[in-house]
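Participant: Sequence unavailable; structure follows:
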Ligand code: GRF
């Protein structure tokens, strides 16, 4: 069997997407393994999840560094020291410097709770309800220097119901995030989804249905 891609996951909070990735990687046939979980927030719940799964953790507080560049350099050192080949952002709440993004170009992905390019940034569920969209969802994309802007790997759509408040909609989207992130990581780890300019192209043997998830309402 081919060597599994060594993944580092960056988190800042509860880590439910990290859990979805840990669960997927628990299968020895999955093409990636989580080799390190790095957080900028000591004591966050995601760190407990990693420890429970027996995955090494590391905390680097951004507060200990004078600049974003210095903080990112410290993270980069830890990631490389652990032999990390690929980075997954999973609720990591710090903007990354251009240098860090460049040094992990095409080797770092993020999950964002909207159907990009709609609703970049924060409070996506409130904004989707306000905008009156009928579908909302989540996107896994490669990370580029512009926020929530890189080549799209996979998306999941969920309906927005007339009765939804932001929490109800967030819960429906989150469920789809947990399905989508492992699926996207698998495609990338198997080298089936590659960046070509501003888009991701799939290998010929990859069905386009494998990059989209439709979640019905409960
Ligand atoms: C998710 O909604 C993710 O899309 C966004 O931050 C949230 C993280 O949640 N980037 P969790 O920590 O994975 O539970």
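Facilitator: Thanks, I have it. Given the structure is predicted, the values throughout are model-derived calculations rather than measurements. Residues are numbered from 1 along each chain as shown.
Participant: How many residues are close by residue 8?
Facilitator: Look at residue 8: counted by other C-beta atoms under 10 Å, it has 26 neighbours. No exception for glycine: its C-beta is placed from N, CA and C like everyone else's.
Participant: Quick check: pLDDT value at it.
Facilitator: Here, the pLDDT recorded for residue 8 equals 99.
Participant: for the one 4 residues further on, same thing?
Facilitator: Listed pLDDT for residue 12 reads 98.
Participant: got the residues of this protein near the ligand?
Facilitator: Residues of the chain found near the ligand (C-beta under 6 Å from any ligand atom) are 13-18, 46, 90-91, 111-113, 138, 174, 177.
Participant: if we take those, which one ends up nearest to residue 209?
Facilitator: For the residues of the chain next to the ligand, the residue nearest residue 209 by C-beta to C-beta is residue 138; the value is 16.9 Å.
Participant: tell me which element the closest one is part of?
Facilitator: Per DSSP states H and E: residue 138 is located in strand 135-142.
Participant: Identify the spatial nearest neighbour of residue 119, chain neighbours not counted.
Facilitator: residue 127 (5.2 Å; C-beta to C-beta, 6 or more residues apart in numbering).
Participant: So which bits of stretch 140-156 are buried?
Facilitator: Under the neighbour-count criterion of 16 or more other C-beta atoms under 10 Å, stretch 140-156 has 140-144, 148-156 buried.
Participant: Pick out the most distant pair among the residues you listed.
Facilitator: 144 and 156 (21.0 Å).
Participant: picking that back up, pairing partners for the strand holding residue 138, with directions?
Facilitator: Strand pairing for strand 135-142, determined by DSSP bridges: strand 108-112 (antiparallel), strand 152-159 (antiparallel).
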